[in-house]
Structures are given as structure tokens and as C-alpha cells.
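Chemist: Following is a predicted model, sequence given first.
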Amino acid sequence: MSQNSMLAMILAGGRGSRLKALTNKVAKPAVSFGGKYRIIDFPLSNCANSGIDVVGVLTQYESVLLNSYVAAGRRWGLDTANSGVYVLPPREKADADLDVYRGTADAISQNIDFIDNYDPEYLLILSGDHIYKMDYSKMLDFHKEHKADATIAVIPVPMKEASRFGIMNTDEEGKIEEFEEKPAEPKSNLASMGIYIFTWKTLRRLLTADVKNPNSSHDFGKDIIPTMLNSGRTLWAYKFTGYWKDVGTIDSLWEANMDLLNENSGLNLSDNSWKIYTQDMGGLPQYIGPDAHIRRAYITQGCVIEGDVTNSVIFTGAKVEPGAKVVDSVLMPGSVVGEGASVVRALVADNVEIGAGAKVGKAGSENIELVADNVAGKEET
């Protein structure tokens, strides 16, 4: 095992309920992003680029598509004799309990045997639903340099948004003194990114004790990390300075896609020095019709654009028919905007059809409109 015996576990079992209809049938990490990618591509590509060759992906809700997708480790170069991506659903229970992970720590506890099989010195734990590029080997170097029991990646967020996150309060050097889970009155703006490195032997002992605690929520933020702090363990905050986005809501998913239009956003998917790998989709090149008008757009392969597209992101296989207008919007794979239709400040889900002449969304609206069902055209009403 490379990277000084560090194994990665990706927590990919959340419901993603704030993404509404987008996660009715697929797990949040399998949601499409950026034209041709899925959200899970980012942590998996980060692992591959960081030299981590064994990755466990812990799945749970609506996981059929996600399971089959991540099982093809060749997409990220993790399919050699000494590497692999392993799908780890919840272990079946003998009693009447639901076959689920009870919390983030429980997800790791249920897979201790899998981890022990590789006998890692360090364990990297990742959320499977964020958009970012990060070299985990640098974080590991930091962890070893500070002789930490745990290192938690943090990123500064606006103070007015800090109450949405787990917040790390540190001393001047970055040693964590206190952890607050979504505090009403945060003391700092250092938000946890859901990226942890633990010294495995230390974490294993804590998890074994946590399993036996009937009062535990079996969660890293609520139980494991506070227990470590209370017992005097050494925890350090690793400050990340690159692009990172929690795409847990329709608005934030739209925002992250729109960041692709801003060359200064830090989200460059064409950077070959840190490539984001994905499924190799065979398809025709994009087609831009002679009467199409395009202004500031991100358009991927297989798209057919015959209308007007302004400040928008168009995913693989989407179509904008003659006379149609797409403004400040995201069209996901296979979606169709019919002739003369209008889509403004909206996110159109996979394979949804906007009928001819229909109008969706509104300029200046406070929130992005999710269109998850077909919209009838004027002649169809």
C-alpha cells in the first residue's frame, strides 16, 4: 500500500434529501456534475492523484447506480494488482434493526475487518459529496510532522455561514482546542471539510469503545472527535486554501456548476496536472446550429444547440431547440428545451423535457428552480 500505508474510506451513504428529486432514485454522490462527471469522481480522483491505491466506498441509500459506477475502478486508475475501489454497503444484521449505518463512525466500525485486512498505519476518511481538488499526501505529511492522533481539514467560510458547519476552534498554531457542531454563535470560521486523517491504531480503539456505548450517536462530529479532545488526544487543523464546495442544496449545486464559467473560481476541470477522471462516454461531438447564439457557456460533448444559450452549463447529450432560450441555467444529461421555450435561473434534471413554448424560472428569483418533471408545451395544454 502506497503513501506510507494510508487507506481511504469515502462516506457515500447520505440521503441527500436537500437535493430533492435529484436524489429520489440515485445517491447524492452519483448526481451528475460539470457536464460529464458525477460528484463521486472528485474524491476518487483526488485519491488516485494523491497516490492512494486502496479505497473503500461506503454506500447505503439508493445505491444501485453508485455501486456499479464505483466498482469500475479502472476509471480512476485504481484497478491494478495492488489497488482497487471496493463497494462497502451496510453489513446485514441478525436482528430486526434496519440494514443501515447508524452514523459516520458506525460506518467505519462496521468495516474494521476490511481495514484490518490492509493493516494501514493511517486512515483517511472523506465525504463523498463535495466538489474540490486536494492532494491528501500533503495533509498526511502535515499529520506526521505534528505527530497528531487526528488531523481535520478545515476551510475558512464567511462568519455568517459558519453556523451551518462543524467549527474548529484552534490555538495560534492550529492545534484544535474545541469542536462545535453547527454552533448558533460560532467562535471561529474554520469549517470542517469532512476530511479526516487518523492514526489507525488510535482510532480503532476509540471505535471499539464507541460501539459498546448505548448513549453514543456513533458519529465523528458528535462523539469520536469530542471524546478525543476530552481525553487529551492531539488534534490539528489542516488549513486548505483551494476550491471547495459543499453541494448539498439545489442552489449550491447550481453555484458550483456556474463556477465553471469563471476562470478565477479555482475550479478548472481542464487542468491535466490534477485530472478529474470519469466514465469514458462515447458520443458525437457537440453540434452548434447556424442560427444558435452562445454567450459565456460551458457545453460538453453530444449537445445540440440550435437556440440561444447565455451564462449556462449544458451537460452531455442535452438539446436546445430552435428559438429556445437558456439563461443562467444548468441542463443536466439528456434534457431537452423545446422550440421557443424559455429556461431562466433553473436546474433541469436528467432527461427532463421542456415542451415547446413553455417558460421555466424567472430572472432575479432568489432561489434556483429545480425542474425534475417534464413540462408540457403550449400546444400540449
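Modeler: Alright, I've got the coordinates. Numbering: from 1, shown residues only.
Chemist: Pull the number of nearby residues for residue 323.
Modeler: Residue 323 has 17 neighbouring residues, counting by other CB atoms under 10 Å. Glycine gets a C-beta too; all of them are placed from N, C-alpha and C.
Chemist: next one: residue 121
Modeler: Counted with other CB under 10 Å, the neighbours of residue 121 add up to 15.
Chemist: Let me know whether it touches residue 115 as I believe.
Modeler: No. Residue 121 is not in contact with residue 115 according to CB atoms under 8 Å; the separation is 11.4 Å.
Chemist: Return every residue with contacts to both of these two.
Modeler: Taking CB atoms under 8 Å, 6 or more residues apart in numbering as the criterion, residue 121 and residue 115 both touch residue 200.
Chemist: secondary structure class for the nearest residue to residue 250 once chain neighbours are set aside?
Modeler: For residue 250, ignoring the flanking residues on the chain, the nearest one in space by CB to CB, 6 or more residues apart in numbering is residue 370 at 4.9 Å. Here residue 370 is recorded as strand under DSSP: H, G, I helix; E, B strand; the rest coil.
Chemist: Show me the shaky parts of the chain.
Modeler: Scanning the chain for pLDDT under 70 picks out 1-4, 92-99, 282, 379-381.
Chemist: which helix of it spans the most residues?
Modeler: Looking across the chain with DSSP state H, the single longest helix is helix 200-211.
Chemist: show me where the stretch 1-150 of the chain has helices.
Modeler: Assigned by DSSP state H, counting those that start in this stretch, the helices in the stretch 1-150 of the chain fall at 2-5, 41-49, 64-70, 104-109, 112-118, 136-145.
Chemist: Does the residue nearest to residue 250 touch residue 347 like I think?
Modeler: Yes. Assessed by CB under 8 Å, residue 370 is found in contact with residue 347 at 5.4 Å.
Chemist: which one of those two has more residues nearby?
Modeler: Between residue 370 and residue 347, counted using other CB under 10 Å, residue 347 has the larger neighbour count: 25 against 21.
Chemist: From residue 128, how far out is the more buried one?
Modeler: Per CB to CB, to the nearest Å, residue 347 is found 20 Å from residue 128.
Chemist: now do residue 118
Modeler: 20 Å.
Chemist: Comparing those two, which residue is more hemmed in?
Modeler: When residue 118 and residue 128 are compared for neighbours, residue 128 comes out ahead with 25 against 14, by other CB under 10 Å.
Chemist: Pull the contacting residues for the more buried one.
Modeler: Contact analysis of residue 128 by CB under 8 Å, 6+ apart lists 10-12, 14, 28-29, 39-40, 43, 57.
Chemist: Spatially nearest residue to it (excluding sequence neighbours)?
Modeler: Nearest one to residue 128, counting by CB to CB, 6+ apart, is residue 12 at 3.3 Å.
Chemist: what do you get for residue 200?
Modeler: Excluding the flanking residues, the one nearest residue 200 by CB to CB, 6+ apart is residue 123, at 4.7 Å.
Chemist: how many other residues sit next to the one you found?
Modeler: 24.
Chemist: what residues are up against it?
Modeler: Going by CB under 8 Å, 6+ apart, residue 123 touches 6-9, 108, 115, 197-198, 200, 203.
Chemist: Distance check, residue 90 against residue 190.
Modeler: 32 Å.
Chemist: If you count surrounding residues, which of those two has more?
Modeler: Using other CB under 10 Å as the criterion, residue 90 and residue 190 rank with residue 190 on top: 23 against 20.
Chemist: thinking the more buried one is in contact with residue 152, fair?
Modeler: No. Look at residue 190 against residue 152 with CB under 8 Å: they stay out of range, at 9.2 Å.
Chemist: shared neighbours of those two, anything?
Modeler: With CB under 8 Å, 6+ apart as the test, residue 190 and residue 152 both reach 168, 237.
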